[in-house]
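Participant: okay, here's the prediction I keep looking at, along with the sequence it came from:
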Amino acid sequence: MRIWMLRTGAFLSLVCWGLAVYASPDELKQLVKAGKYSEAFDLGQKIAIEWEGDPQFDYNYGMAALESGHPQEAAIAFDRILMIYPNQHRVRLEFARAKFILEEYPGSRREFNRVLEADPPANVKARIQAFLEEIEKREQSKRFQYSLTINLDS
């Protein structure tokens, strides 16, 4: 009985590994399109070794990571694309959003402003302005907290 269980477990492991190896960026893209970000992120992690550096994979993996609560992974994926294709403004916009979530406000502001320089549609400009205003508000709050801390310590 034990040998049968071990063989079955080994077989199932190989089958699962095999499915991950044969998964493609197209499957990842379909999951992202369907809004199944957690599933897409999990799949992306399984096939990342094989597909990292492929712009389609990196974009969809980045979106899945960003929307499923993994902004650091998203930023890395988007950065890989931007190193090769710096004029991909949609990617830069998502990169800026990932940096915002990571509270990397100077980098986020810089990336949002680079997208604005490309003269995006009005609705995109409005969203970027909202992010920039929120960055300013948060930075002012941090400066105030820092100033208050220094004054209290004195």
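Facilitator: Arrived safely.
Participant: and the residue nearest to the spatial centre of the chain, what does it touch?
Facilitator: The centre of the chain sits closest to residue 74, judged by C-alpha atoms, centre = their mean, with a distance of 1.9 Å. Going by C-beta atoms under 8 Å, 6 or more residues apart in numbering, residue 74 touches 62-63, 65-66, 94-95, 98. (Glycine included, C-beta is placed from N, CA and C.)
Participant: what does stretch 125-142 rub up against?
Facilitator: Here stretch 125-142 has contacts from 93, 96-97, 100, 103, 105, 108-109, 112-113, 115-116, 120, using C-beta under 8 Å, 6+ apart.
Participant: distance check, residue 138 against residue 114.
Facilitator: 20 Å (C-beta to C-beta, to the nearest Å).
Participant: switch the contacts of stretch 125-142 over to JSON lines; also include neighbour count, distance to residue 31 and secondary structure.
Facilitator: Converted to JSON lines, those look like this (neighbours: other C-beta atoms under 10 Å; distance: C-beta to C-beta, whole Å; DSSP: H, G, I helix; E, B strand; the rest coil):
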{"residue": "93", "neighbour count": "22", "distance to residue 31": "21", "secondary structure": "helix"}
{"residue": "96", "neighbour count": "26", "distance to residue 31": "24", "secondary structure": "helix"}
{"residue": "97", "neighbour count": "21", "distance to residue 31": "20", "secondary structure": "helix"}
{"residue": "100", "neighbour count": "21", "distance to residue 31": "24", "secondary structure": "helix"}
{"residue": "103", "neighbour count": "11", "distance to residue 31": "28", "secondary structure": "coil"}
{"residue": "105", "neighbour count": "18", "distance to residue 31": "31", "secondary structure": "helix"}
{"residue": "108", "neighbour count": "23", "distance to residue 31": "27", "secondary structure": "helix"}
{"residue": "109", "neighbour count": "19", "distance to residue 31": "31", "secondary structure": "helix"}
{"residue": "112", "neighbour count": "23", "distance to residue 31": "27", "secondary structure": "helix"}
{"residue": "113", "neighbour count": "12", "distance to residue 31": "32", "secondary structure": "helix"}
{"residue": "115", "neighbour count": "21", "distance to residue 31": "26", "secondary structure": "helix"}
{"residue": "116", "neighbour count": "16", "distance to residue 31": "31", "secondary structure": "helix"}
{"residue": "120", "neighbour count": "16", "distance to residue 31": "27", "secondary structure": "coil"}
